[in-house]
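just coords:
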């Protein structure tokens, strides 16, 4: 029988998590189920039912609360109330949470409602923010203070969500622990085994955890012919590709600069997603390009490259690795977070985090003994979005049936 699912995420359009949210909704509708996406910012695709509970004005107030008071996730009471009223009206069989940070929700108010809603809750953790006092990621600095209450946070000014004037990490930790624990019938989903292990050491450890890797559209990300090599003068070059939505410090831009200094003359580095400032002053053997919203064009760059290098210093389960493999391109990544989990010896190489000499060596090895396109494509088969998002649909039905909320 059909069920209804309410998905909650910061955005419904743009960003990897926004795309995942929309794709799950489409999978539900294809299955004959009902779905509504509740989002706090931006617009929504026309083919999915969506409800925006946030406003730009309220988001601005939440930004100020974060910057000035160090209290991220504890403003936006009015729009959280608006969301709760919509949940009561829609009366879903299952509630799916994605990112609830991002300047849109008062998490204590939201979870107070969820604790008494009598609904199965699925919470997909796309980063580490739910169980830390501040940071969305902490692997960059090897921080483990979240294990004892974030009482020694040194990253609150430097790491999203950027509390510029006050360190409230320890108090935030206690407030989040009180809010997020004790929810009946809550299941956590993680895209990576690495994050599942991290959760097991956090205050969320009492909840069951299910592993569902991210999926990609393999009809879009597939080998594509293009004229990119001739357009960029790369016909006789070995092309190293790097891609990021935003080249923040954890994405490893500095390592590509170091590689540019030492790679042989027949190598070229192509970086996609740089802002104007980052594009200026690049070495002569680096081609810097801006962000592209055109997935087909991005697939052409993946296909054109000889190797995709993910120099991330902290990550959950990056979809860029999957996109490269689906275009037949081998991947080299630092051994950090869940980034290595999409690879095996048939399609990529894993090197110690931050070791630029090992990274260079792996790239040279890829030139001398390349992985086959067929092996990369074979590995990518397990990450098709239709299969992975059907895992969510199956989970929702199991939970609804078990809880008795299914009609």
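Okay, I see it. As the structure is a computational prediction, the values presented were derived from the model and not from experiment.

what about the residue nearest to residue 249 when sequence neighbours are not counted, how many neighbours?
Leaving aside its chain neighbours, residue 249 sits nearest to residue 140 (7.4 Å; criterion: Cβ to Cβ, 6 or more residues apart in numbering). Where C-beta positions appear, they are placed from N, C-alpha and C, glycine not excepted. Residue 140 has 22 neighbouring residues, counting by other Cβ atoms under 10 Å.

which SS state does residue 140 fall under?
helix (DSSP: H, G, I helix; E, B strand; the rest coil).

helices and strands of this structure: which one bottoms out on pLDDT?
One helix or strand of the chain scores below all others by mean pLDDT, DSSP states H and E: helix 56-69, with a mean of 90.

Am I right that residue 92 is in contact with residue 5?
Yes. Using Cβ atoms under 8 Å, residue 92 is in contact with residue 5, at 5.7 Å.

okay but residue 132 is in contact with residue 138, surely?
Yes. Using Cβ under 8 Å, residue 132 makes contact with residue 138 at a distance of 6.5 Å.

Among the two, which residue is more densely surrounded?
residue 132 (26 against 22).

and that one, backbone torsions?
phi -110, psi 170 (degrees, to the nearest 10).

Nearest spatial neighbour of it, chain-adjacent residues omitted?
Leaving aside its chain neighbours, residue 132 sits nearest to residue 146 (4.3 Å; criterion: Cβ to Cβ, 6+ apart).

Next: residue 302.
residue 327 (3.7 Å).

swap in residue 271?
Closest to residue 271 by Cβ to Cβ, 6+ apart is residue 242, at 4.7 Å.

three-state assignment of residue 221?
Once three-state DSSP is applied, residue 221 turns out coil.

Just confirm the residue nearest to residue 132 contacts residue 202, I think it does.
Yes. Contact status for residue 146 versus residue 202: in contact at 6.9 Å, counting by Cβ under 8 Å.

The two: who's more crowded?
Legend: neighbour count by other Cβ under 10 Å for residue 146 and residue 202, higher for residue 146 (21 against 18).

Pretty sure that one sits in a helix.
Yes. Assigned with three-state DSSP, residue 146 falls within a helix.

Okay, it and residue 354: tell me how far apart.
For residue 146, the distance to residue 354 equals 21 Å [Cβ to Cβ, to the nearest Å].

do the same with residue 303
29 Å.

In terms of neighbours, single out the busier of these two.
Shown here are residue 303 and residue 354; by other Cβ under 10 Å, residue 303 has more neighbours (21 against 16).

Could you pull up the mean pLDDT of the helix or strand where the more buried one lies?
In this assignment (DSSP states H and E), residue 303 forms part of helix 295-304. Helix 295-304 shows a mean pLDDT of 96.

Show the secondary-structure elements that the least confident helix or strand of the chain is packed against.
strand 34-41 (3 or more Cβ pairs under 8 Å, 6 or more residues apart in numbering; DSSP states H and E).
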